[in-house]
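> This is a predicted model, with the sequence first.
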Amino acid sequence: MSPKSGLARLVAWARQRGWDDLDFLSTAGNTYDADYFGDTSKLPAELRHERVTDGKDNDETMFNVFRLEDGTVRHFWGSELTWASMDPGQHHRSGDAVNALWGFLDMTPEGREQFMPKLAY
């Protein structure tokens, strides 16, 4: 698993893109990713066997939604598709539900093939 980006690095990256009005948080130095299944380090053994192929923990495309109810923060929704079985040779692509671009690319004659986004082009 790659090291988690600290808050200063995330904010600098956002500012380079002109994202001046977004608030950022970082999971560096805490267990949020593992606690909410954003990485494989705390998965049960059977899931780790399926998801960890190189002997190293990996980041996962897990989305979580929290809401504030009567002064208490509660977990409201999680993208369980992350944990659906993958077809042979396919990426699980669990982020599709929140990014319509992928569905659009899948409808083109060439499709998206194995394209995955990068931080910089």
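Yep, it's here.
> contacts, neighbours, all on C-alpha from now
OK.
> can you pull out the strands in this structure?
For the chain, the strands defined by DSSP state E occupy 64-69, 72-78.
> Just put these in JSON lines and tack on mean pLDDT and distance to residue 52.
Supplementary listing: the strands of the chain in JSON lines, determined by pLDDT from 0 to 100; distance: least, C-alpha to C-alpha, whole Å:
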{"stretch": "strand 64-69", "mean pLDDT": "89", "distance to residue 52": "21"}
{"stretch": "strand 72-78", "mean pLDDT": "89", "distance to residue 52": "21"}
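> I'd like these as a markdown table, with distance to residue 18 and mean neighbour count appended.
Below are the strands of the chain laid out as a markdown table (distance: least, C-alpha to C-alpha, whole Å; neighbours: other C-alpha atoms under 10 Å):
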| stretch | distance to residue 18 | mean neighbour count |
| --- | --- | --- |
| strand 64-69 | 25 | 11 |
| strand 72-78 | 29 | 11 |
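> Just send those strands back as JSON lines, with distance to residue 44 too.
Formatted as JSON lines, these follow (distance: least, C-alpha to C-alpha, whole Å):
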{"stretch": "strand 64-69", "distance to residue 44": "19"}
{"stretch": "strand 72-78", "distance to residue 44": "17"}
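> and of those, who's closest to residue 14?
Taking C-alpha to C-alpha, strand 64-69 is the member of the strands of the chain nearest to residue 14, at 20.9 Å.
> Can you tell me what sits against that closest one?
With contacts defined as C-alpha atoms under 8 Å, 6 or more residues apart in numbering, strand 64-69 is touched by 36, 73-79.
> Please name the strands paired to that strand in the sheet, noting orientation.
Under the criterion DSSP bridges, strand 64-69 sits next to strand 72-78 (antiparallel) in its sheet.
> Okay then, goodbye and thanks.
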